[in-house]
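return atomic coordinates for the entry below.
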Amino acid sequence: MILGPHMLATEFEHFARANISADAGPGQRADMQRAFYGGVLLVLNLTAILAELDDAQAVEALEEIRAEANAFALAQFLVATRLLEARP
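Prediction:
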């Protein structure tokens, strides 16, 4: 075995310590765990799709994915900024 039997579980625990509040309930933790593993499965599916494309198409597809992810990240930043500015 190259990565070990629990590599994803270990990585989720690192993610959880950094991103899930200590007072989060078990339901919130389970939601975050499902999202984490869903992201892993998405990346694996994307990898399989990209492997079927020629190089130019794969690069274009990756650029589309990056643009969408960056747009999401920017929107999250803007929302957080507005919420902080609205604080009394």
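
now do the same contact list for residue 24.
For residue 24, the contact set (C-beta atoms under 8 Å, 6 or more residues apart in numbering) comprises residue 32. Glycine gets a C-beta too; all of them are placed from N, C-alpha and C.

same check on the one 10 residues further on?
The neighbours of residue 34, taking C-beta under 8 Å, 6+ apart as the test, come to nothing; the list is empty.

please, which helix or strand holds it?
Using DSSP states H and E, residue 34 sits within helix 26-52.

buried ones in that helix?
Using 16 or more other C-beta atoms under 10 Å as the test for burial, helix 26-52 gives 32, 33, 36.

helix or strand right after it?
As assigned by DSSP H and E, the chain's next helix or strand after helix 26-52 is helix 55-86.

just want the angle from that next one to helix 26-52.
Per axes from the mean of the first three to the mean of the last three C-alpha atoms, to 10 degrees, the angle that helix 55-86 makes with helix 26-52 is 150 degrees.

any idea of the mean pLDDT in helix 55-86?
The average pLDDT for helix 55-86 rounds to 95.

stretch 3-10 now?
When pLDDT is averaged over stretch 3-10, the result is 94.

what residues does that stretch touch?
Against stretch 3-10 from outside (C-beta under 8 Å, 6+ apart): 37, 40.

re the thing from before, distance from the chain centre to the helix holding residue 34, please.
Distance of helix 26-52 from the chain centroid (C-alpha atoms, centre = their mean, to the nearest Å) equals 7 Å.

do stretch 70-84 as well
Distance, stretch centre to chain centre, for stretch 70-84: 16 Å (C-alpha atoms, centre = their mean).
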